[in-house]
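In: Next input, structure requested:
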Amino acid sequence: LDRSADTLSGGEAQRIRLASQIGAGLVGVMYILDEPSIGLHQRDNDRLLGTLKHLRDIGNTVIVVEHDEDAIRLADYVVDIGPGAGVHGGHIVAQGTAAEVMAHPDSLTGKYLSGRVKIKVPAKRTPRNKKLSLTLKGARGNNLRNVDLEIPIGLLTCVTGVSGSGKSTLINNTLFPLSATALNGATTLE
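Out: Residues are numbered from 1 along each chain as shown. Here you go, the predicted model:
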């Protein structure tokens, strides 16, 4: 890469660490990963899951703490902890294959995986007021190449793309500091 490590996205840095482990060809190792799919685009998540399968297939134990549906379904064995959070959690609710967890009546994870419980998608969306928006022109930095952006005010906007495509640079390193300065007179600390 022609970039320093501190400019890499979380997904890029994570892939480099995992690639170094695959390159080492170690066998009989136990890998423990805490939510490795966080921040990954679906394409990158598929690659991550392929990497985890490869590590398992060459003779390693791979344990992941994960919420990603694809990772749960891919796992050979699933442990569902709950039933709730905080004082309402801390117990093994279900364990076994993904199918066994899905069939367990007390597993909230199983209820979502099986489709017995679903997240409702709103039937009606908030209309956009085209007169109100944040506008950014010619943004550059890391992977950004003269990007123009318009984000509507008062709506939920999702910025997505593969890892390393420039999402965090665009929003966290460009839009946020400029907006904070323009709207609130904030200054940036270096």
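In: wait, L18 sits on R47?
Out: No. Counting by C-beta atoms under 8 Å, L18 sits too far from R47 to count as a contact (9.4 Å). Placement of C-beta: from N, CA and C, glycine included.
In: could you dump the helix or strand of the chain at the bottom of the mean pLDDT ranking to CSV, C-alpha only?
Out: In the chain, no helix or strand scores lower on mean pLDDT, DSSP states H and E than helix 10-24, which sits at a mean of 73. Extracted in CSV, the C-alpha atoms of helix 10-24 (Å, rounded to 0.1, in the frame of the first residue of the first chain):
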residue,chain,number,x,y,z
GLY,A,10,-11.0,-0.6,10.2
GLY,A,11,-12.0,-3.2,7.6
GLU,A,12,-8.7,-2.7,5.6
ALA,A,13,-6.6,-3.1,8.8
GLN,A,14,-8.5,-6.2,9.9
ARG,A,15,-8.1,-7.8,6.5
ILE,A,16,-4.3,-7.2,6.6
ARG,A,17,-4.1,-8.9,10.0
LEU,A,18,-6.1,-11.9,8.9
ALA,A,19,-4.2,-12.1,5.6
SER,A,20,-0.9,-12.3,7.6
GLN,A,21,-2.4,-15.2,9.6
ILE,A,22,-3.3,-17.1,6.5
GLY,A,23,0.1,-16.4,5.0
ALA,A,24,1.7,-17.9,8.1
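In: how far away is D44 from G50?
Out: 10 Å (C-beta to C-beta, to the nearest Å).
In: Among these two, which residue is more densely surrounded?
Out: D44 (20 against 11; other C-beta atoms under 10 Å).
In: now the more buried one, nearest residue through space, not along the chain?
Out: Counting by C-beta to C-beta, 6 or more residues apart in numbering, S163 is the residue found nearest to D44 once chain neighbours are left out, at 4.7 Å.
In: Next, give phi and psi for the one you found.
Out: phi -60, psi 140 (degrees, to the nearest 10).
In: Just the buried positions in stretch 141-157, please.
Out: Residues of stretch 141-157 classed as buried by neighbour count (16 or more other C-beta atoms under 10 Å): N142, N143, L144, V147, L149, P152.
In: Reformat those residues into TSV and put secondary structure and distance to S133 next to each item.
Out: Formatted as TSV, those follow (DSSP: H, G, I helix; E, B strand; the rest coil; distance: C-beta to C-beta, whole Å):
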residue	secondary structure	distance to S133
N142	coil	24
N143	coil	24
L144	strand	19
V147	strand	15
L149	strand	9
P152	strand	5
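In: Show me which of those residues is closest to K130.
Out: P152 (7.6 Å; C-beta to C-beta).
In: wait, isn't the closest one in contact with N129?
Out: Yes. Counting by C-beta under 8 Å, P152 touches N129, with 7.1 Å between them.
In: Pull the number of nearby residues for A98.
Out: Per other C-beta under 10 Å, the neighbour tally for A98 reads 20.
In: ok, now which ones touch it?
Out: A98 sits next to I72, R73, A75, V78, L113 when contact means C-beta atoms under 8 Å, 6 or more residues apart in numbering.
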